[in-house]
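K.L.:
return atomic coordinates for the entry below.
(one chain, ligands or ions: 2)
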Amino acid sequence: MTDTAQIIASHGRSYIIELPDGSTRVASARGKKTDFACGDRVAIKVTNAEQAVIEKALKRDTLLYRSDAWREKLIAANVTQIIVVVAPVPSFFDELIGRCLIAAEDAGIRPLILLNKCDLPEAEAARGRLAYYRELGYGVVELAATEDISPLNGWLADHVSVLVGQSGMGKSTITNALIPEARARVNDISVALDSGKHTTTNATLYHLEPGADLIDSPGLQSFGLAHVTAENLPRLMPEFRERLGQCRFHNCRHRHEPGCAILGAVKEGTIPESRLQLLHRLQDELAAAQTY
Ligand SMILES: Nc1nc2c(ncn2[C@@H]2O[C@H](COP(=O)(O)OP(=O)(O)OP(=O)(O)O)[C@@H](O)[C@H]2O)c(=O)[nH]1
Ligand SMILES: [Zn+2]
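P.N.:
Residues are numbered from 1 along each chain as shown. Ligands and ions are numbered 1, 2, ... in the order given. Next comes the predicted model:
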């Protein structure tokens, strides 16, 4: 009998799926297909009390992924909010935040920045580094997951959220603070998937309350955006989006063109140089990716 289910954990080619009755099965995909993500709703065939086979993914509302010229790495499907977790220590990369925000805008997912470890003295400097993102209109929430997770609660209601960020920013700590049984779940999943070691799976979905889910994803060091089109890029960065059409040349690349509204804004200090550099780097990356 064909049934529908949701992928709640993924690890390589193995998945844990949750059936409508709340029971779970270990599942693998039929054939060579592996492009399923945590959060995907799938058509399945239950094999027995433990196992099932995934026939196909059902239509996705959203898909968050990263990519380079050669391959795509799916992060999560059907999420409505991406929570970019940063912390004062270890130090975070602005570049990664910028890229996560662009990926979110491209996928039509609401981005939220979470500054964790606010109990540390270095938090003030980190807060300063995030001020510009607030100015752009992005939500920024501050907390110390080891002390009090409640500042996040209001942001999670009615959303399927995915936590992303560099290693060590505190994603697991946040997950465990929100879902006390999460640690045990991760262990159960590792055993069920027979992954041998107790490293995190690619991603794991937890139910928080009716209508609110949370997906924890492994730490990342880079975020390739080869799937974004160069033409679209400025539309995915709010300060460039609002100046579109203001450059003298309609095909302005915002490099050296006279009458460029964006270069003008950088010159007068309204847009930080680093944001223009990110735009240029991404333009260059996309041009290089197209030549493969
Ligand atoms: N001081 C302080 N330390 C924290 C806080 N949250 C997490 N940590 C510590 O930061 C370290 C990294 O936290 P994790 O939750 O493992 O980080 P992660 O983002 O899940 O890292 P990966 O699993 O590598 O992706 C741990 O030693 C935590 O105890 C916080 O709010 N304050
Ligand atoms: Zn321009």
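
K.L.:
buried stuff in stretch 263-279?
P.N.:
When neighbours are counted by 16 or more other CB atoms under 10 Å, the buried residues of stretch 263-279 are found to be 263, 265-266, 271, 275-276, 278-279. Just so you know, the C-beta spots here come from the backbone N, C-alpha and C atoms, and that holds for glycine as well.

K.L.:
mind putting those in a markdown table, secondary structure included?
P.N.:
Converted to a markdown table, the buried residues of stretch 263-279 look like this (DSSP: H, G, I helix; E, B strand; the rest coil):
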| residue | secondary structure |
| --- | --- |
| 263 | helix |
| 265 | helix |
| 266 | helix |
| 271 | coil |
| 275 | helix |
| 276 | helix |
| 278 | helix |
| 279 | helix |
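
K.L.:
and which of those is nearest ligand 1?
P.N.:
The shortest approach to ligand 1 among the buried residues of stretch 263-279 belongs to residue 278, at 23.0 Å (CB to the nearest ligand atom).

K.L.:
without its sequence neighbours, what residue ends up closest to that closest one?
P.N.:
Counting by CB to CB, 6 or more residues apart in numbering, residue 98 is the residue found nearest to residue 278 once chain neighbours are left out, at 4.8 Å.

K.L.:
can you pull the contacts of the one you found?
P.N.:
By CB atoms under 8 Å, 6 or more residues apart in numbering, the contact set of residue 98 is 237, 275, 278.

K.L.:
excluding sequence neighbours, find me the nearest residue to residue 271.
P.N.:
If the residues on either side of it in the chain are set aside, residue 271 comes closest to residue 265, at 4.4 Å by CB to CB, 6+ apart.

K.L.:
from the contacts of residue 98, which is closest to residue 221?
P.N.:
residue 278 (16.4 Å; CB to CB).

K.L.:
quick one: pLDDT of the closest one?
P.N.:
The per-residue pLDDT reported for residue 278 equals 97.

K.L.:
ok, now residue 272?
P.N.:
Looking at residue 272, its pLDDT stands at 96.

K.L.:
then residue 197?
P.N.:
According to the model, residue 197 carries a pLDDT of 54.
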